[in-house]
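>>> just to be clear, the model below is a prediction. Sequence and coordinates:
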Amino acid sequence: MAGVERRTLLAFLLRLADDHLILGHRLSEWCGHAPMLEEDLAMPNMALDLIGQARALYQYAAEVEGKGRTEDDFAYLRREREYTNCMMVERPNGDFAHTILRQLYFAAFMEPMWKGMLASSDEHLAGIAAKAVKEVAYHLRHAGEWVIRLGDGTEESAWRMREAVASLAPYVEELFETDEVTREIAAGGVASDPPSTRPAFDAILRPIFAEAGLEQVDVAHPKTGGRKGIHAEAMGFLLADLQFMQRAYPGMVW
Amino acid sequence: MLSVAERTAAELPRRRAWLAAASVPDPEVPCVTVADLGILRSVDIVDGVAVAKVTPTYSGCPAVLAIELAVEAALRDAGFEARVERVISPAWTTDWITDEGREKLRAYGIAPPRKTSSSIRSLFGEDEVACPKCGSADTEKLSEFGSTACKAHWRCNACREPFDYFKCI
């Protein structure tokens, strides 16, 4: 284990894992509803990647915590306030443009984060990153191509993309928040402090937005709270769906 | 120092256990075995227990659990007490698919991944994917994501057959 306190590492792992689980769950809601067959395959495929990454992180978190909890306990048996995902990933899917832009934002956020973790002082995390960094590259390319195609497409698709930018803009800042956990993680060489990856995020988005004919919008009041377990209304409904089986049939296994 | 006979006696069970585990087919691509794919990393005899180390392909590969159970069952069928361990580091890459595995994939109708794929750049250097049916290089990508997490969907412009391409990672 790396040179950071156990509870700090645990908090960091759970944030990452929660981001991936919740976004994976959101994406899985598209299964059978995507606008075309290829996307109907792409959405659950990416959901699988995200949930797979979440599983690897939860399994490691369980090991780090060392109290006998399992990945399933973390995924299914916590209360809303115990989930520390960023608020962006819990946003309802909206239309396809909205979902795809959220994918682009999250992949552009994670790509430099995973790259940084390849050289993590925590070997186990570096192993997870080695796989994830290749998967997120796919997600990034997929989402980027769609944002350009829709933003530079028909009048309606361009309008829907602009609406998506306006709708998600308040949730971007939270990705790059720093606090004691992220700073200790960075000091211990486990992962980058999110603010330090902001230039890489901007560099990924700039050419895509330019080609799509989209502009960033200013946000007077960014939304925040996810890392402290404070979520929007949508999160409760999401968890009701995600946790249904374990709540209705406690301890059920496949 | 161990005699040749002693070394052989120690080596034989390990070899037998490896052969048993290595024969397990991939549940989603049954034309290849876990050894062909390079996801069976090692089999050792530890205190009389056959310990197989298995690595997942994609993070979210739903076949991982099925593969682990099948490997354990194969070892038990061969008369071993068995345990399967999951290793994630170093991360699996398509370069670990053996030449024999690649040939089996092609014969099955899946274009095998190109070699030396370990960099992100070559992940996207898929410009030349030969059709597994007619061999033509005149092919096009239909979808980045195919029937399973590890495959993309392509089409051959020469014989007009759609086919799966095993993504390079």
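Alright, I've got the coordinates. Numbering: from 1, shown residues only, chains lettered A, B, ... in the order given.
>>> for chain A, what lies in contact range of chain B?
A:38, A:41-42, A:45-53, A:55-56, A:123-124, A:126-128, A:130-135, A:137-138, A:141-142 (C-beta under 8 Å from any C-beta of the partner chain). Heads up, the C-betas are built off the backbone N, CA and C, glycines and all.
>>> filter those down to the buried ones.
Using 16 or more other C-beta atoms under 10 Å in any protein chain shown as the burial test, these include A:41-42, A:45-53, A:55-56, A:124, A:126-128, A:130-135, A:137-138, A:142 as buried.
>>> next to chain A, which bits of chain B? Give me the list.
Within chain B, the positions adjacent to chain A are B:56, B:58-62, B:88-92, B:120, B:123-124, B:142-147, B:149, B:153, B:167, B:169 by C-beta under 8 Å from any C-beta.
>>> and the gap between the residue lying closest to residue A:176 once chain neighbours are set aside and chain B?
Closest residue to residue A:176 in three dimensions, ignoring its sequence neighbours and counting by C-beta to C-beta, 6 or more residues apart in numbering or on different chains: residue A:194, at 4.6 Å. As for residue A:194, its distance to chain B is 21 Å (criterion: C-beta to the nearest C-beta, to the nearest Å).
>>> what of residue A:13?
Applying C-beta to the nearest C-beta to residue A:13 and chain B gives a distance of 14 Å.
>>> could you look up the SS state of that residue?
At residue A:13 the chain is in helix, as set by DSSP: H, G, I helix; E, B strand; the rest coil.
>>> ok, the residue nearest to residue A:176 - how many residues close by?
22 (other C-beta atoms under 10 Å in any protein chain shown).
>>> what of residue A:225?
13.
>>> so it touches residue A:87, yeah?
Yes: assessed by C-beta atoms under 8 Å, residue A:225 is found in contact with residue A:87 at 6.6 Å.
>>> quick check: next helix or strand after the helix or strand of chain B with the lowest mean pLDDT?
Least confident helix or strand, chain B: helix B:120-123 with a mean of 48, by mean pLDDT, DSSP states H and E. The C-terminal neighbour of helix B:120-123 among helices and strands, as given by DSSP states H and E, is strand B:139-143.
>>> show me which of the residues of chain B next to chain A are buried.
For those, buried by 16+ other C-beta under 10 Å: B:56, B:58-61, B:88, B:91-92, B:123, B:143-146, B:149, B:153, B:167, B:169.
>>> what is the helix or strand where residue B:85 lies packed up against?
Using DSSP H and E, residue B:85 sits in strand B:81-86. Secondary-structure packing of strand B:81-86 (3 or more C-beta pairs under 8 Å, 6 or more residues apart in numbering or on different chains; DSSP states H and E): strand B:49-54, helix B:63-77.
>>> can you list the strands that it pairs with?
Its sheet considered, strand B:81-86 pairs with strand B:49-54 (parallel) by DSSP bridges.
>>> other residues contacting the strand it pairs with?
B:13, B:17, B:21, B:34, B:39-45, B:64, B:67-68, B:71-72, B:75, B:80-87 (C-beta atoms under 8 Å, 6 or more residues apart in numbering or on different chains).
>>> give me that answer again for 7 Å
Identification of contacts with strand B:49-54 by C-beta atoms under 7 Å, 6 or more residues apart in numbering or on different chains yields B:17, B:21, B:39-44, B:67-68, B:71, B:75, B:80-87.
>>> using the record's domain definitions, break chain B down for me.
Annotated domains of chain B cover B:4-86, B:96-166 [automatic domain parsing].
>>> where does whichever residue of the stretch 151-254 of chain A sits closest to chain B land in three-state SS?
At 8.8 Å from chain B, residue A:254 is the closest residue in the stretch 151-254 of chain A, using C-beta to the nearest C-beta. Secondary structure, three-state DSSP: residue A:254 is coil.
>>> repeat that for residue A:23.
State at residue A:23, reduced to three classes by three-state DSSP: helix.
>>> contact partners for it?
Taking C-beta under 7 Å, 6+ apart as the test, what residue A:23 contacts is A:50, A:89, A:106.
>>> contacting residues around the residue lying closest to it once chain neighbours are set aside?
Leaving aside its chain neighbours, residue A:23 sits nearest to residue A:89 (4.0 Å; criterion: C-beta to C-beta, 6+ apart). Residues near residue A:89 by C-beta under 7 Å, 6+ apart: A:19, A:22, A:23, A:26, A:106.
>>> in the chain, what spans have low per-residue confidence?
Assuming you mean chain A. A:1-2 (pLDDT under 70).
>>> the intended chain is chain B.
For chain B (pLDDT under 70), the answer is B:1-2, B:116-127.
>>> apply 90 and report the result again.
B:1-13, B:27-29, B:56-65, B:86-95, B:113-130, B:137, B:141-153, B:166-169 (pLDDT under 90).
>>> need the nearest residue in space to residue 76, chain neighbours excluded.
Looking at chain A here, since you left the chain open. Closest to residue A:76 by C-beta to C-beta, 6+ apart is residue A:246, at 4.1 Å.
>>> wrong one, I was asking about chain B
That would be residue B:82: by C-beta to C-beta, 6+ apart, it lies 5.3 Å from residue B:76.
>>> cool, and residue A:184?
residue A:8 (4.8 Å).
>>> so what's that neighbour up against?
Counted by C-beta under 7 Å, 6+ apart, residue A:8 has contacts A:181, A:184, A:185.
>>> immediately after the strand or helix carrying the last one, which helix or strand?
Yep, that's residue A:185 we're talking about. Using DSSP H and E, residue A:185 maps to helix A:180-187. Going down the chain from helix A:180-187, the next helix or strand is helix A:198-212, by DSSP H and E.
>>> still on that earlier bit, for the residue nearest to residue A:176, what are its contacts?
Per C-beta under 7 Å, 6+ apart, neighbours of residue A:194: A:175, A:176, A:177, A:178, A:182.
>>> got a quick PyMOL command for the buried subset of these?
To isolate the buried ones among the contacts of residue A:194 in PyMOL, judged by 16+ other C-beta under 10 Å, type:
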select buried, chain A and resi 175+176+177+182
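>>> okay, the contacts of residue A:194 in JSON lines with secondary structure and distance to residue B:114 next?
Listed next are the contacts of residue A:194 as JSON lines, based on DSSP: H, G, I helix; E, B strand; the rest coil; distance: C-beta to C-beta, whole Å:
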{"residue": "A:175", "secondary structure": "helix", "distance to residue B:114": "34"}
{"residue": "A:176", "secondary structure": "helix", "distance to residue B:114": "36"}
{"residue": "A:177", "secondary structure": "coil", "distance to residue B:114": "40"}
{"residue": "A:178", "secondary structure": "coil", "distance to residue B:114": "41"}
{"residue": "A:182", "secondary structure": "helix", "distance to residue B:114": "38"}
